[in-house]
Structure formats: C-alpha cells, structure tokens
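J.: A predicted structure for the sequence below; I have some questions about it.
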Amino acid sequence: MRVAVVSDIHGNRQALEAVLDAVEAAAADELWSLGDLVGYGADPDACVALIRRYATVSLAGNHDLAVRGDIPLDEFSPGAALAARWTRETIDPAALDWLRTLEPQQLDEAVGLYHASPRDPVWEYVLSPLQAELCFDVLRHRVACIGHSHIALAYTRGDGEPATGEKRGDGELLEIASGEWLLNPGSVGQPRDGDPRAAWLLLDTDAWTAAFHRTEYDVEAAAAAIRRARLPDSLADRLPHGQ
C-alpha cells in the first residue's frame, strides 16, 4: 500500500491544498495525518474539512488538544497560545467536535503512528540519535511515523547497532525493509528546516520504501491570511524562511 503521510498542517490551507494535489498525482492509496491540524494558521475550518474528507487516519497533536481545552495554554509559547485561543474562538463547532474524537497515537496500522513519539505521543521532540534510541526501546512496530518537530528526518537502528539519522531532503528515497525506523515527514504548514516548501512523505508498505517530498505553495497568500486574522506577524514572517 502507498500511503501519503502528513503532519503539522497548522491551519495552513494553501499548503494543504497543494500537498493534496501532489498526493493525488502520486496515486497514493491512503492519506494519514499525524496531528496539529490547527494552531498558527488562519484557516482551521478548511484544514479540518479537507482532512476529514481525504484522510483515512487522523491523529490529534498538542495544538489540537490545546484548542479542545485538554492542555492549558500556559504550556505554550506566547504566540502559540494566542493562536490557540484565537482558534478556539473562531473554529466551527462541528470541526471542534470532530477534533475531540482524535487521539495522539494509533497502533493498529502496519506501522506505528504517533504525533510526537512512541515514548510521549503528545510532547516529545525526537531530534537526536539518543532520543531515537530511547524511542526504539519502547517501539511496538518495526517502523513508526512521527511528527511534531516540523523537520523532515529519519532515524534507524540495526541489530546490535546504535541509532543513527539525519534530516532528509526533497526526493530522498530510503529502503526500509530491514532495521527499525522512525520517519518524520516534516511539516505541511510551518516547516522549520530552512525549506519553506510543504513537506510530506510517501510510504510504501509493500516495497518498504519511504520517499520524502517537498511541494511549492502560495506562501504569501498563507502569510496574508495570518495577518488578516490579526494573528502575530511572526507567524506570517517565518513562513518564507522555513523557520
């Protein structure tokens, strides 16, 4: 099965629409979303509607949980808290009700799916081989997909070997038929790896390959929507820089 994996959309309708077009062109069989549909961006309702329509699996991220009221806003940075509060006030009640049905992990697919990590599905940023090593120690699947960090990367561990890994760029194809793997598709709506293009992953669970992709989208339109919503300018200013 060929699965498109996305994460950290953050209310960025322009980025999500571009990725969905790319996913359709890639002839993926399913779409899996690893959470943070909302937060930061100006179009939470549109992003929820698109994921509800197209995704087979959808997880809750920490920003989704904050908008639901499950996480106190004082656990977020000032900009993130302000965006979550704005989203609470503007999101359609039906969209919010649907967000309340989501969980931060799903373990009954061919791979493990977590918003953040196998050790902490909500909060842990897996950004080092040591963290990956600790996650492999508790991983129930040989392969897992994680989000949350907004950085496209992959970590692996072979038998009797330490975990290794690094950031991954557009067009990189990994053979993942052996060893343990943690795969992060990067962020659709707010990449933080220096590449402003929307990030996503095409996972083939028959051939056991993972292909990293970047998709151009209208960054200026997404930034303008943030400013029109009177969200912090910093949330718009960072988009062209991939930071």
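T.: Sure, I can see it.

J.: Point me to the helix or strand that includes His213.
T.: Following DSSP states H and E, one finds His213 within strand 209-215.

J.: contact partners of that strand?
T.: Here strand 209-215 makes contact (CB atoms under 8 Å, 6 or more residues apart in numbering) with 15, 18-19, 21-22, 26, 152, 154, 168-176, 181, 183, 185-186, 195, 197-204. Where you see a C-beta, it was placed from the backbone N, CA and C, and this is true even at glycine.

J.: Is it possible to mark the buried ones in the residues you listed?
T.: The neighbour-count test (16 or more other CB atoms under 10 Å) marks 15, 18-19, 22, 152, 154, 168, 174, 176, 181, 183, 185-186, 195, 197-204 as buried among those.

J.: still on that earlier bit, list the buried residues for the strand holding His213?
T.: Residues Ala210, Ala211, Phe212, His213, Arg214, Thr215 are the ones in strand 209-215 that count as buried (16+ other CB under 10 Å).

J.: where's it relative to the chain centroid, distance-wise?
T.: With CA atoms, centre = their mean, to the nearest Å as the basis, strand 209-215 stands 13 Å off its chain's centre.

J.: list the buried ones in the next helix or strand after it?
T.: Moving toward the C-terminus from strand 209-215, the first helix or strand encountered (DSSP H and E) is helix 219-228. By neighbour count with 16+ other CB under 10 Å, helix 219-228 contains the buried residues Val219, Ala222, Ala223, Ala225, Ile226.

J.: Now distance to Leu73 and pLDDT too, for those, in JSON lines please.
T.: Converted to JSON lines, these look like this (distance: CB to CB, whole Å; pLDDT from 0 to 100):
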{"residue": "Val219", "distance to Leu73": "27", "pLDDT": "98"}
{"residue": "Ala222", "distance to Leu73": "23", "pLDDT": "98"}
{"residue": "Ala223", "distance to Leu73": "24", "pLDDT": "98"}
{"residue": "Ala225", "distance to Leu73": "22", "pLDDT": "98"}
{"residue": "Ile226", "distance to Leu73": "19", "pLDDT": "98"}
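
J.: Just the closest of the residues you listed to Gly79, please.
T.: Gly79 has its nearest neighbour among these in Ile226, at 10.8 Å by CB to CB.

J.: Thought Ala236 was touching the closest one, still the case?
T.: Yes - using CB atoms under 8 Å, Ile226 makes contact with Ala236 at a distance of 4.1 Å.

J.: Specify which member of the buried residues of helix 219-228 is nearest to Arg88.
T.: Arg88 lies nearest to Ile226 out of the buried residues of helix 219-228, by CB to CB, at 16.6 Å.

J.: check contacts around the closest one.
T.: Tyr40, Gly41, Ala42, Asp233, Leu235, Ala236 are the contacts of Ile226 under CB under 8 Å, 6+ apart.

J.: cool, and Glu30?
T.: Contacts for Glu30 (CB under 8 Å, 6+ apart) come out as Met1, Arg2, Val3, Ala4, Thr56, Val57.

J.: what about Gly179, neighbour count?
T.: Applying other CB atoms under 10 Å, we find 16 residues neighbouring Gly179.

J.: Would you agree it is in contact with Thr156?
T.: Yes - counting by CB under 8 Å, Thr156 is a contact partner of Gly179 at 5.0 Å.

J.: which SS class is Gly160?
T.: coil (DSSP: H, G, I helix; E, B strand; the rest coil).

J.: got a pLDDT number for it?
T.: For Gly160, the pLDDT comes out at 89.

J.: What distance do you get for it to Gly179?
T.: Per CB to CB, to the nearest Å, Gly160 is found 11 Å from Gly179.

J.: Cross the buried ones among the contacts of strand 209-215 against helices and list the overlap.
T.: If you go by DSSP state H, those have Ala15, Ala18, Val19, Ala22 in helices.
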